[in-house]
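Q: Sequence and predicted structure, then a few things I'm wondering about:
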Amino acid sequence: MFDLDLFVIGGGSGGVRAARVASEKGFKVGLAEEYRLGGTCVIRGCVPKKLMVFAADYEDYIKDAAGFGWTVGHSSFDFAGFQATKDNEIDRLEGIYRTLLDQAKVHFFPSRAIIEDPHTIRLDNGKTYKTRIILIASGGSPFVPKFEGSHLVGNSNDVFKLKELPKRVLICGGGYIACEFAGVFNGMGSKVTQAYRGSQILRGFDNDIRNHLSNTMSIRGIDIRLNQTINKITESSNGLRAYFGDHSQEFDFILYATGRKPNTKDLNLDKIHVETDSSGAVVVDKYSQTVIPSVFAIGDATNRLNLTPVAIREAMSFVATVFEGEPTPVDHINVPTAVFTRPEIGTVGLTEEHARAKFDVEIYKTTFKPMSNLIAGREENNLMKLIVDKSSRRVLGVHLACPGAAEMIQMLGIAVKMGATKEDFDRTCAVHPTAAEELVTLHNPM
Ligand code: NDP
């Protein structure tokens, strides 16, 4: 006899969605969360980060205003005040998550949970619950490599708790988080250095986009140092000193954005023989099921595609499979995504490099200065790129670097998901005057 139909470990986007939907369908559901409801996305990821991006963007508006005839007086940024406003908003959202669980009649346990056996969960207070199904939705945490002085650096969680805007910031890494925070600190007024071990930031993205972003970030004053590793960090009289190969430099805050690791270490997965890979990710099949039939896993704990909307879709597929009798594999193909750098990056489908490896392709590309930048005197171009399969004419990939790229790529994602051809794009009438109209008026392949 089970106490519950489903026990969810982790109250992030994926876990809450699965718990809520299963409970609304009449199943008895429990959910344990040891920290705050909302998980990485709401509490220390997408949402507070996006608020920081909004705050940083005002730097552009203020700078560009003069070109449009405005006289702007002295402006300054109240970092501590902004952090407090942001924290209030996160508290509000956390409350909404709690309300949603309550309304759905999910039994909420503010506790750590570990798996005793394939049908038993144990909480911190020693209480155990028998459950038909276990869903691991425990998310991930920032990873910082160990080296001399690594205890002195901060990770992305720490950024949200900073009380003062650091004047000199070093960001180590070249991925989503490193590039996004480089833009945020730069916009807020810090002097930013970004050190990346590879030859160009945003590995895995389309090469034109990577080069374009790197150039634009440099124009904005971010000191991007490629092929750079940091050997050690020490405390200095005025902050922290980072030692690069041939020199050292002082900073006020050093952020390591060097990837994330699944939160699976202390769940007892070994004991119940649930397989994990070398990163600690729970190994699951296309239905998010582990080798133990009663144990499933979704979201960053599985390290498939670590994006909030993907975790939510995995949750919905899980509920359909397990509680609605409709086996629904998770679809990870052509997921649109955005990097909230300044300018934004929006991307869906294959990069040129990946497409060329599989298809005979045509590349349509344009680089242009948008109207607003011309008047504002801003030395920044937009880049838009379509990758087309020559034989089927299907658009295999769209890559954008421009203001509004995240909003645009959401819509373009529908077209690419539907298998739109280049001729479908051409048939679509332009919306004028917009930057996005370039996407339907690209006539000559490169
Ligand atoms: P990423 O995996 O994107 O990037 C990690 C970066 O750290 C890479 O540049 C990597 O280099 C570098 N790195 C890794 N290990 C080391 C090391 N030992 N020493 C030096 N550099 C190292 O991770 P993030 O932390 O930026 O983001 C994690 C995930 O969160 C992303 O993959 C994304 O899925 C998600 N995310 C999504 C966002 C969005 O949708 N806008 C925003 C933020 C995060 P290399 O390239 O050489 O491996």
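A: Right, received. Where do you want to start?

Q: contact partners of the helix or strand containing I254?
A: I254 belongs to strand 253-256 when assigned by DSSP states H and E. For strand 253-256, contacts defined as Cβ atoms under 8 Å, 6 or more residues apart in numbering pick out 142, 144-145, 150, 152-156, 158-159, 162, 166, 168-173, 178, 181, 233, 239-240, 242. All C-beta spots, glycine's among them, are computed from the backbone N, C-alpha and C.

Q: Keep only those of those that are in helices.
A: Using DSSP state H, the members of the contacts of strand 253-256 that fall in helices are 156, 158-159, 178, 181.

Q: residues in the stretch 1-150 of the chain within reach of the ligand, list them.
A: Counting by Cβ under 6 Å from any ligand atom, the stretch 1-150 of the chain comes close to the ligand at P145.

Q: For the ligand, give me its nearest residue in the stretch 1-150 of the chain.
A: P145 (3.6 Å; Cβ to the nearest ligand atom).

Q: now the residue sitting furthest away from the middle of the chain, nearest residue through space, not along the chain?
A: The C-alpha centroid of the chain is most remote from M1, which lies 40.5 Å away (Cα atoms, centre = their mean). Of all residues not flanking M1 in the chain, K130 sits nearest, at 7.1 Å (Cβ to Cβ, 6 or more residues apart in numbering).

Q: Pull the residues that contact the helix or strand containing the one you found.
A: For K130, the element it lies in under DSSP H and E is strand 128-136. Here strand 128-136 makes contact (Cβ under 8 Å, 6+ apart) with 1-10, 15, 18-19, 30, 115-116, 118-123, 264, 267, 274, 282, 294-298, 301, 318, 322.

Q: in the strand holding I254, what's buried?
A: 253-256 (16 or more other Cβ atoms under 10 Å).

Q: So is the following helix or strand past that strand next to the ligand?
A: On the C-terminal side of strand 253-256, the closest following helix or strand by DSSP H and E is strand 260-262. Yes - residues of strand 260-262 contacting the ligand under Cβ under 6 Å from any ligand atom: R260.

Q: Quick one: list the elements packing against strand 260-262.
A: Judged by 3 or more Cβ pairs under 8 Å, 6 or more residues apart in numbering; DSSP states H and E, strand 260-262 is in contact with strand 140-142.

Q: Identify all contacting residues around the strand it packs on.
A: By Cβ under 8 Å, 6+ apart, strand 140-142 touches 40, 155-157, 256-263, 300-301, 303, 306.

Q: ok, which pair from the residues you listed is furthest apart?
A: Y256 and A301 (21.5 Å; Cβ to Cβ).

Q: before we move on, back to that, would you turn the buried residues of strand 253-256 into JSON lines with distance to P110 and pLDDT?
A: Listed next are those as JSON lines, based on distance: Cβ to Cβ, whole Å; pLDDT from 0 to 100:
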{"residue": "F253", "distance to P110": "31", "pLDDT": "98"}
{"residue": "I254", "distance to P110": "33", "pLDDT": "98"}
{"residue": "L255", "distance to P110": "30", "pLDDT": "98"}
{"residue": "Y256", "distance to P110": "30", "pLDDT": "98"}
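
Q: now these in a markdown table, with distance to A65?
A: Formatted as a markdown table, the buried residues of strand 253-256 follow (distance: Cβ to Cβ, whole Å):
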| residue | distance to A65 |
| --- | --- |
| F253 | 29 |
| I254 | 34 |
| L255 | 30 |
| Y256 | 36 |
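
Q: farthest pair in those?
A: Once Cβ to Cβ is applied, those give F253 and Y256 as the farthest pair, at 10.9 Å.

Q: count of residues packed around K146?
A: For K146, the count of nearby residues is 6 (other Cβ atoms under 10 Å).

Q: Ok, the one 10 residues further on next?
A: Here the number of neighbours of S156 (other Cβ under 10 Å) works out to 23.

Q: Would you map the helices across the protein?
A: Under DSSP H, the chain gives helices at 13-24, 39-44, 46-65, 79-103, 156-159, 176-188, 207-219, 308-323, 352-358, 371-376, 405-417, 422-427.

Q: re the thing from before, okay, the strand holding K130 in CSV with CA atoms only?
A: Extracted in CSV, the C-alpha atoms of strand 128-136 (Å, rounded to 0.1, in the frame of the first residue of the first chain):
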residue,chain,number,x,y,z
THR,A,128,9.4,7.9,5.4
TYR,A,129,6.8,7.9,2.6
LYS,A,130,5.8,4.9,0.4
THR,A,131,5.2,6.1,-3.1
ARG,A,132,4.4,4.3,-6.4
ILE,A,133,6.6,6.6,-8.5
ILE,A,134,9.6,8.8,-7.7
LEU,A,135,10.5,11.8,-9.8
ILE,A,136,14.0,13.2,-9.4
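
Q: looking only at pLDDT, what's the mean for it?
A: Strand 128-136 carries an average pLDDT of 98.

Q: now swap in stretch 319-334 and tell me
A: Here the average pLDDT along stretch 319-334 is 97.

Q: is it true that S111 touches N125?
A: Yes - here S111 reaches N125: they are 6.7 Å apart, a contact under Cβ atoms under 8 Å.

Q: which of those two has more neighbours?
A: Neighbours were tallied for S111 and for N125 using other Cβ under 10 Å; the higher tally belongs to S111 (14 against 8).

Q: so what's the residue of the stretch 151-300 of the chain found nearest the ligand up against?
A: Ranked by Cβ to the nearest ligand atom, the top residue of the stretch 151-300 of the chain for proximity to the ligand is G175, at 2.0 Å. Each residue near G175 by Cβ under 8 Å, 6+ apart is listed here: 201-203, 257-259.

Q: Of the residues you listed - the most surrounded one?
A: Of these, with other Cβ under 10 Å as the count, A257 tops at 25 neighbours.

Q: That residue is in contact with A182, isn't it?
A: No - at 9.0 Å, A257 does not count as touching A182 under the criterion of Cβ under 8 Å.

Q: which residues do these two both contact?
A: With Cβ under 8 Å, 6+ apart as the test, A257 and A182 both reach I171.

Q: Looks like D102 contacts L37 (just checking).
A: No - using Cβ under 8 Å, D102 is not in contact with L37, being 10.7 Å away.

Q: Now do the same for the residue nearest the centre of the chain: its pLDDT.
A: Relative to the mean C-alpha position of the chain, the nearest C-alpha, by Cα atoms, centre = their mean, is the one of L307, at 5.4 Å. On pLDDT, L307 comes in at 97.

Q: neighbours around I363, how many?
A: So I363, with other Cβ under 10 Å, has 16 neighbours.

Q: Please consider this matter closed, and thank you.
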